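Enquirer: my questions concern the predicted model and sequence given below.
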Number of protein chains: 2
Amino acid sequence: MTAAASTDQAGKERKSDRTRAAILSAARAQFQSHGYDRTSIRAVAAAADIDPSMVMRYYGSKEGLFAAAAHVDLQLPNLSGVPARQRGRALLEHFIRRWEGDLSDDVLVLLLRSAVTDERAAERLQAVFQEQLVLTLSRVYDPPEALRRAGLIASQVLGVALGRYLLKLPGLADRPPEDLIADLAPTIQRYLAAPLPSLAAGS
Amino acid sequence: MTAAASTDQAGKERKSDRTRAAILSAARAQFQSHGYDRTSIRAVAAAADIDPSMVMRYYGSKEGLFAAAAHVDLQLPNLSGVPARQRGRALLEHFIRRWEGDLSDDVLVLLLRSAVTDERAAERLQAVFQEQLVLTLSRVYDPPEALRRAGLIASQVLGVALGRYLLKLPGLADRPPEDLIADLAPTIQRYLAAPLPSLAAGS
DNA sequence: CACAAAAGTCAACACTCGTTGGCAAACAAG
DNA sequence: CTTGTTTGCCAACGAGTGTTGACTTTTGTG
């Protein structure tokens, strides 16, 4: 369709690609630290040193910009190579590295901060949960149990993230990662692999 | 100071008290379901069926209105009467009742939803955590250990609330309270009373 | 009734927001 | 050089925001 047809077979980069990337980078920073509502397209444009109308041209709308900025991959590890009794700790260590360590980008904080007030961001986070965590557990457990265990793990992991990165609670935010891992690993291990109480069918 | 001086010794109620209460009630509902930013004074006033300027007269500013609407009392129970091994479950049951049961108002969801993006709300939630949960544990443990255990409990409890009431994750939002309690009680019990790993001092 | 305080109404201010369309500069292709 | 496309800037729109001050109505008290 466009005149770029001759170059679109390989990654010949356009001049505007740098602008697009600058916008996306600025948007991520803004969304991450201020959330969806308090991030203005004008502020993103100013941080990227371009005109607000360019954001609209390249991403259509604020919603489109957010969608482009909020792609999340948990990069969940394959636990089958880890001894069964250490999988909880391994999974927890992975999450911590993903949130604040060498595997971190700001997209997780971005998404969490926005999902609490924005419906679409919440759906997106639900999808991440469903398609990445639940699906991973589905390779080991039946669907109902996988969902149950995934919910428990998510509650603990998201709770730590909430208290540590967003609310900055004293008992969570100021502890070294290794200490947190030591305290939380048994919980994740139990949610991941230990037998859970059978649920009463009646009242 | 005012002409009400003759009646302020007892609770003689003014005519405006109903309006004040209506504003506060409407504000709680709005803040709870939309968060601080997306709640407008105009919408609160419309829900309370009065003029927006009345909100300003009675609460000074949007910030003042939020402060009035966001008073939280966890009503933490005295656990000394509960057998030591059941305290985790008892504390967890109390939290669930506080969030969604007979002890619930919407103020906890209100505060959590707003605290994620609003700095002042976050400080307020920090204060609740510090003055109510940490203080309760300080009657049993030394300050550093009380803070450590409080952080762990808060992470699990807030994580469940986040996933269940705000994000509505499938594995959390659609489970009956008793099932959740059965799954989570051992975790809280451990954070509350079980020995925790001693922390390595070196690297 | 007369008068003052309280309670409520109305219109407007100054501002920020997402979004749009027109127009100028940079650039590539003939 | 002359086209046409891409890239960018500028000004403005309409809507919604917190907040303010003047004005009218109601209420309570001598």
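Expert: Yep, that arrived. Numbering: from 1, shown residues only, chains lettered A, B, ... in the order given.

Enquirer: get me the contact residues on chain A for DNA strand C.
Expert: Proximity of chain A to DNA strand C, by C-beta under 7 Å from any atom of the strand, involves residues A:15, A:39-43, A:52-53, A:55-56, A:61-63. No exception for glycine: its C-beta is placed from N, CA and C like everyone else's.

Enquirer: next, format these as JSON lines and append distance to A:His94, neighbour count and secondary structure.
Expert: Output for the residues of chain A next to DNA strand C, formatted as JSON lines (distance: C-beta to C-beta, whole Å; neighbours: other C-beta atoms under 10 Å in any protein chain shown; DSSP: H, G, I helix; E, B strand; the rest coil):
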{"residue": "A:Lys15", "distance to A:His94": "39", "neighbour count": "6", "secondary structure": "coil"}
{"residue": "A:Thr39", "distance to A:His94": "29", "neighbour count": "25", "secondary structure": "coil"}
{"residue": "A:Ser40", "distance to A:His94": "35", "neighbour count": "13", "secondary structure": "coil"}
{"residue": "A:Ile41", "distance to A:His94": "35", "neighbour count": "19", "secondary structure": "helix"}
{"residue": "A:Arg42", "distance to A:His94": "38", "neighbour count": "11", "secondary structure": "helix"}
{"residue": "A:Ala43", "distance to A:His94": "33", "neighbour count": "16", "secondary structure": "helix"}
{"residue": "A:Pro52", "distance to A:His94": "39", "neighbour count": "15", "secondary structure": "helix"}
{"residue": "A:Ser53", "distance to A:His94": "41", "neighbour count": "10", "secondary structure": "helix"}
{"residue": "A:Val55", "distance to A:His94": "34", "neighbour count": "25", "secondary structure": "helix"}
{"residue": "A:Met56", "distance to A:His94": "38", "neighbour count": "15", "secondary structure": "helix"}
{"residue": "A:Ser61", "distance to A:His94": "34", "neighbour count": "11", "secondary structure": "coil"}
{"residue": "A:Lys62", "distance to A:His94": "32", "neighbour count": "16", "secondary structure": "helix"}
{"residue": "A:Glu63", "distance to A:His94": "31", "neighbour count": "12", "secondary structure": "helix"}
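
Enquirer: so the one residue sitting closest to the centre of chain A is in which element?
Expert: Centroid check for chain A by C-alpha atoms, centre = their mean gives A:Leu108 as the closest residue, at 3.1 Å. A:Leu108 is part of helix A:107-115, with elements assigned from DSSP states H and E.

Enquirer: against which helices or strands is that helix packed?
Expert: Under the contact definition 3 or more C-beta pairs under 8 Å, 6 or more residues apart in numbering or on different chains; DSSP states H and E, helix A:107-115 sits against helix A:16-38, helix A:62-69, helix A:87-100, helix A:119-128, helix A:143-161.

Enquirer: for chain A, what are the low-confidence residue spans?
Expert: The model of chain A has pLDDT under 70 over residues A:1-13, A:200-203.

Enquirer: pretty sure A:Tyr59 contacts A:Pro52?
Expert: No. Applying C-beta atoms under 8 Å as the test, A:Tyr59 and A:Pro52 come out as separate, 11.3 Å apart.

Enquirer: next up, the contacts around the closest residue to A:Phe31 other than its chain neighbours.
Expert: Once flanking residues are discounted, A:Phe31 sits nearest to A:Leu110: 4.7 Å by C-beta to C-beta, 6 or more residues apart in numbering or on different chains. Residues in contact with A:Leu110 (C-beta atoms under 8 Å, 6 or more residues apart in numbering or on different chains) are A:28, A:31-32, A:69-70.

Enquirer: rerun at 10 Å
Expert: Counting by C-beta atoms under 10 Å, 6 or more residues apart in numbering or on different chains, A:Leu110 makes contact with A:27-36, A:39, A:66, A:69-70, A:72, A:121.

Enquirer: buried residues in stretch A:129-143?
Expert: Buried residues in stretch A:129-143, counted by 16 or more other C-beta atoms under 10 Å in any protein chain shown: A:129, A:133-134, A:136-137, A:141.

Enquirer: what of stretch A:89-101?
Expert: Those buried within stretch A:89-101 under the rule 16+ other C-beta under 10 Å are A:89-96, A:98-99.

Enquirer: okay if I get the buried residues of stretch A:129-143 as CSV plus distance to chain B and secondary structure?
Expert: As requested, these are exported to CSV (distance: C-beta to the nearest C-beta, whole Å; DSSP: H, G, I helix; E, B strand; the rest coil):
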residue, distance to chain B, secondary structure
A:Phe129, 5, helix
A:Leu133, 9, helix
A:Val134, 7, helix
A:Thr136, 13, helix
A:Leu137, 10, helix
A:Tyr141, 12, coil
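
Enquirer: thanks a lot, catch you later.
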